[in-house]
Structures are given as C-alpha cells and as structure tokens.
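**Student:** Here you go, sequence then predicted model.
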Amino acid sequence: MAVGPYGAMLDAVRGVRWPARRAVAGGAAGAHIARSRGVAVEFAEYRPYRQGDDPRRIDWKLLGRSDRAFLRLAPDRSVFATTVLVDASASMVHPQVEVGKWPAAKRLAVALAAVAHAQGDPVGLVIAVAGARALRPRTRRGVVAEIAATLDAVTPAGDQSLARSLPEIGGRVAVISDALGDLDALLGALRVHVALGHEPWFFHVIAREELEPSPRDVTAVDPEGRDRDRPLTATVVREYQERFAAWRAEVARRLRDAGVVYVACVDDEPTDAVLRRALTGARAR
Amino acid sequence: MTFGAPGYLLAGALGALGVVALHLIATARARPYVLPTMRFLPDAEARASRQLSRPRDLLLLALRALAVLALGAGFADPRVERMDAPERMILVVDRSRSADSAALRRAVEARRAGADIVIGFDSVVSDSVLPSSRAPGRLTVGLLAAARASDSLWRRGERARTVLLSAFTSDEVDVATHEAVDAIRGALEFEEVGAATAPQRDVRWRVTDDHPFRVAAPVTRAGASGGVPVIVAERADASDSALARGGGALVLVPSAGDTDDVAPRGVAWGTASFVAPLAMRSVAGGGAVARWADGAPAIVERPLGAGCVREVGVAIPSRGDVATRAGARALARAAVAPCGEFVARGMPLEREERTALLAGRADAMLPSRSFAAFAFVLALAALLGEGWLRRAR
C-alpha cells in the first residue's frame, strides 16, 4: 500500500484500537459490540430454545419445517462506519503549508483512517474546502492510500463551513480542525449527530507558534481578514496566551457538554502519541 | 597608496553616502506576521513605525555602507608601493663598432659583478657582450631589450636599475630612441665609453686606372702604412682571399666595360643616396650595406675569416661623367672602406644631447601590489553579513 510519507507513522499506529464508545447497530461482522437483538441482519447460528428465552427470537420458519423450536442468533460484534472530516480553511496553514497545523491534520486523518480500516470498519473522508472532496466509507484495500493521496492534493484556502460539510451518513465522524471557524454552527450540527446515536469526535489541532508566539518586531495579521493587524509585543503576548487558553477551555467544555469526544493536540506532537492518548479508555457502553 | 581608476572610488563613496542618507530618512514598518489566532490579541496600537536607530539597525547601516564603499574601492584598483622591493641591476652593453674595445672591456669588467642581468647589442641583441663587433650599433635595440627586462622585474615586484654602456655616437640614435628610453621601468643611467676611431685603410687597386670606381675614388694609402688592407678587384684570386681572411677587405667591383644595360637607377646606403644612369649586377648572399630603390641589395658584405668580402652590384658606366659626380664619389669611397665601415661612423653625442634623451622620463616608480581582490572579498563579506542580519531580525 503506497501511502507516501506516512509509512513510518502508520507503522507506529499499528495495533492501536478504536472501539466504539457505545454498542453499535447490528450489521456486518466487525470489531464493535453490537446492540441488535431480535431479527438479525446477518445469521450466525441456531440454538435450541430454552426456558426463559425471548419467544420473538424463535425462527418460526424452521419450527414449521422441523417442528422444533430454535433461536436464530446474530453476531454480537459489528462494523462501525467512520468518516474523517478535515478542516481545510486558510487558518489551517500556519505557520506554513508544509509545516504546522495542516500537515498535522493530514497525518491525524490518515492515522485515524488506518486504525479504523485495520479493524475492518468502512472509512471515508470529507475535506471542507471549496469544491469539497469526499470519499464514501469503504472497506476495500487501498482506501487509506486513497485518503492520503486526496489529502495531499489539497491546499487549504478560504473559509468553508464545517457544519455544512458534516456527512449525513451515520456512524462515527472525526472532525479535525483548529476550531477557528463557525463553532456555533458546528456544535449545533454535532448535537444532531449525537441525538441520532452517532459518535462525533473533535480533534482540536493547535500550532505550537499559536500556543507560544515569540514577541518580536512584527505586526500580526489574520490570514482570513488581512485588514486586521496588531503588534506582537511581550505584554501583548502574555495577555494573548491567557485569552487563547481560556477560549480553548471553553471550546472543550462546550463540545463535551454536547456529547462530543474532544481531543486537543499540538502540531509538533507525534501522531501515534495523540492516537494512543485519545483512543485508549474509550469503551462501549 | 594609489588607485588605478580613482573615479570608481568616488562613485563608491557617493553610493555609501546615499545608503546613509536613505537610512537616516527612512522609517520602518514592522513586518506582517500571519497569525490565525490573532483575535485573541488585545487591542493595541495597530501600526508602529520607528526610526532605525537601534544598535542592530546601525550595524546593518554600517555593513551596507561598507559593502558599497568596498565595491567602489575594488573597481578603483588600490595599489600600495612596495618600499622593500629588492633592486636588480640590468647592464646593457653597446658592443658595436662605435665603442673603443679596450675602454668597453674596462667598463664591462667594472660593472659586471654587480649586474643581475647582462644584455649585449649592436644592431641586434646578442648573447655575448665581449669582444666588440664590427657591426654598427642602434641604441633603440639595446634600450628595448632593457625595457623588456625591467618590465619583467617590475611585474615580479622587484625594482630595476638599468645602466647603459655606450659610446653614444650620432649614427646610433634614431627616431624611436626617445620612446625606447621612456619604456624602461625604474632608474636609467648612461655611462659613456670612449668612442672608437675609424680604422685607417690601405687601398690596393687591382683594376685599370680608368676603372670608373678608381676614377670616382682615387684613394690609395690613407695615412701611415699599417692600415687595414682593402683590395679592389674585378675577380678574386687566392692571395686576395688570404689577405681578406687575415683581416682585410676584399672589394669585388663590376668589370669596367660591362655596362650594356645602363638606365636611370637609384641606390641608397646609410643616409646617403645616388641617382644616375647605372647598370645593375646581381650579388651573392651577405648583409646588404646598400640597396637599390626597389629594395634589392646593391652592395653586400659577408665575413671571411677575420676580414670580409664586399660585393658591389652597382656598375658605373665608363663613358660620360657619371664617375665624376659627387654621388658616385661618395659611393666609391664607401665601397672601398674597411670591413664594417661602409656606413660612416657618427660623432659622439654632446653631453646636452645625451641629457635630452632622458628628458621627460617619469620618476622611477616602485613596484606596487594591488589590493582590489581584498576589497572585493570585503564587499562580499559585508553583503553576506547584511543579508544574515536582515533575516535574523
């Protein structure tokens, strides 16, 4: 599988598991605990009826043919479709397109897709950029390489709405973004996903230079509105860091309150370390 | 220090002044820095401009000015004279017929020990300086050889001092002598050597009394006996050749009656010439001492032992008065001269005439070393430093 520069990173995340936080709907056999009872979508085996079993699970056709009561059992683990939504707005290019948030977001997306694919889950991709790119979830071989190639072909620009880019299909959606866009609209859309029983994740990508800007003789400008500028003196930087930290904490609180799994990661943190930190401890309920 | 092209230095200085002026009147606006999270920056004065007066900016100014100034200095070709340059002596010896042999030998022996380069010359440069030759000399030849030697020393960073030993006779000076003097680098010194006198000749005619050459130059023995024998004949025999080998001159003239193709012709030798109805005879090889108007040799002289053979290709008709004309007499007298004396010797130059040769010479220049490369390297280093400092801001 040709995945370009992601080979070493993918080796590092081999063996990482990403279990669903809740029992998933029954479907194709997979790695996640399924909640389906009663009529099974996929047949696993028959078991003789015992005193106390739910009569609704009796296979009546078999009873009619054999005059014996058997329960039709369904598999108790199922796949969980995962879609990775990547924010490709202009603010993701910091400090440069080759270094910083965008490359970290790409690595994270490819790593999440590889972990989900390794578990047998269908995995897809949506890139929030003008002329949005989307790959529907699939389990076939080469889908991770296709996701990597699709991401590498995109240069972040503009200010595409993440809320409108959220996929309408169910399952798990992992949003990778710096949260500098329309967060309220995104929260609203994610709450709907939670209400529908889906499992939204939010990976908050932060650049080291945004966390710790060094004061120097420059004028800070916004990449999405260059008519605004501010000097970057030492006093300004201190107050900026306090404000930024407070905002990040508020974002985390709002997302968690909405039922979204929130993970903060800095662009210079190794991707495998982010995944192990974020995905361990996630248990199905 | 001197400059090969001082105009560039001025241009560099003006450029450096311009850099300083721009620096003093310029104000800087802080570089824009893209920060996506700038919404969290507190409101503050949006634009800041400042005079470029911080130490780092002054260093930047100094590097820029230095780069421009060093570049101008490099193109100006700064040179520093080498006061410690070693001095070499070039000894140029005029070994032509004009100098007295004994006097020349004494002068050479007195100077030779201190000479680093020794050059001999008469009408051409020769490998040896002694003994003297019988050929006429040309000062221009020796001076040009000295100029080449002095230039070579100067390029090596050494000083040259040229000493010219010569009789300095008038026949050795030509129109190029003054320019040749100016071409010599370093000091130039003239040392006069006693002039040689023309040898006495003992003319022995072996032609008829009415031979045109004998009619034109009725010369027999000039001065006391013991002069150089000069045999004038139409054909040579063994005894004539033996006499020539012993140091005399064998002059072969055309037969008296052999003038069927007489026509108006011109012949020149030294600064003299003669135009008259003459007949032309071919001459064998040797150095031409007289030429026809078309450049063909008219009279040639070639060495034979210690003497020489002079073959005359100019036939003066017997009939008529051509033989009595002044030009014919001058030609005949020159034709019967001893070896090497066909062209008359010049008189030694007066002291004022020798001094005039040196008039207008520039003072002796010391060799110098160029520092242009150093200036260019300095300019490059200043530019690199300026670029690094600017990016580090």
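**Tutor:** Yep, that arrived.

**Student:** so where is the stretch 51-200 of chain B shaky, pLDDT-wise?
**Tutor:** Low-confidence segments of the stretch 51-200 of chain B (pLDDT under 70): B:51-56.

**Student:** Can you list the residue ranges for strands in it?
**Tutor:** In the stretch 51-200 of chain B, the strands defined using DSSP state E, counting those that start in this stretch lie at B:78-81, B:87-94, B:117-121, B:125-126, B:159-166, B:187-192.

**Student:** Please identify which of these is closest to chain A.
**Tutor:** strand B:78-81 (38.7 Å; C-beta to the nearest C-beta). For glycine as for every other residue, the C-beta is placed from the backbone atoms N, C-alpha and C.

**Student:** Chain B - how does it break down into domains?
**Tutor:** For chain B, automatic domain parsing gives the domain ranges B:2-33+B:49-82+B:370-392, B:87-197+B:346-366, B:201-335.

**Student:** what would those domains look like in JSON lines with mean neighbour count and distance to chain A?
**Tutor:** As requested, the domains of chain B are arranged in JSON lines below (neighbours: other C-beta atoms under 10 Å in any protein chain shown; distance: least, C-beta to the nearest C-beta, whole Å):
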{"stretch": "domain B:2-33+B:49-82+B:370-392", "mean neighbour count": "15", "distance to chain A": "4"}
{"stretch": "domain B:87-197+B:346-366", "mean neighbour count": "18", "distance to chain A": "52"}
{"stretch": "domain B:201-335", "mean neighbour count": "18", "distance to chain A": "84"}
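
**Student:** and B:E301, which of the strands of the stretch 51-200 of chain B is closest to it?
**Tutor:** strand B:125-126 (18.1 Å; C-beta to C-beta).

**Student:** what does that closest one rub up against?
**Tutor:** With C-beta atoms under 8 Å, 6 or more residues apart in numbering or on different chains as the test, strand B:125-126 has contacts from B:95, B:119-120, B:133, B:141-142, B:145.

**Student:** Just want the phi and psi numbers for the residue of chain A most remote from its centre.
**Tutor:** Distance from the C-alpha centroid of chain A, by C-alpha atoms, centre = their mean, peaks at A:D67 (49.3 Å). Main-chain torsions, A:D67, degrees, to the nearest 10: phi 70, psi 20.

**Student:** Next one, pLDDT for it please.
**Tutor:** Per-residue confidence (pLDDT) for A:D67: 88.

**Student:** how much space between it and A:Q241?
**Tutor:** In this view, A:D67 and A:Q241 are 77 Å apart by C-beta to C-beta, to the nearest Å.

**Student:** before we move on, what about A:R208?
**Tutor:** 12 Å.

**Student:** what do you get for B:L10?
**Tutor:** On the measure of C-beta to C-beta, B:L10 and A:Q241 end up 55 Å apart.

**Student:** can you pull out the strands in chain A?
**Tutor:** Along chain A, counting by DSSP state E, strands occupy A:29-33, A:45-48, A:70-73, A:77-78, A:82-87, A:123-128, A:133-138, A:172-177, A:199-206, A:218-222, A:225-231, A:261-266.

**Student:** now chain A, which segments are flagged as low pLDDT?
**Tutor:** Those would be A:1-3, A:26-29, A:33-44, A:74-76, A:215-218, A:222-229, A:281-285, if you go by pLDDT under 70 across chain A.
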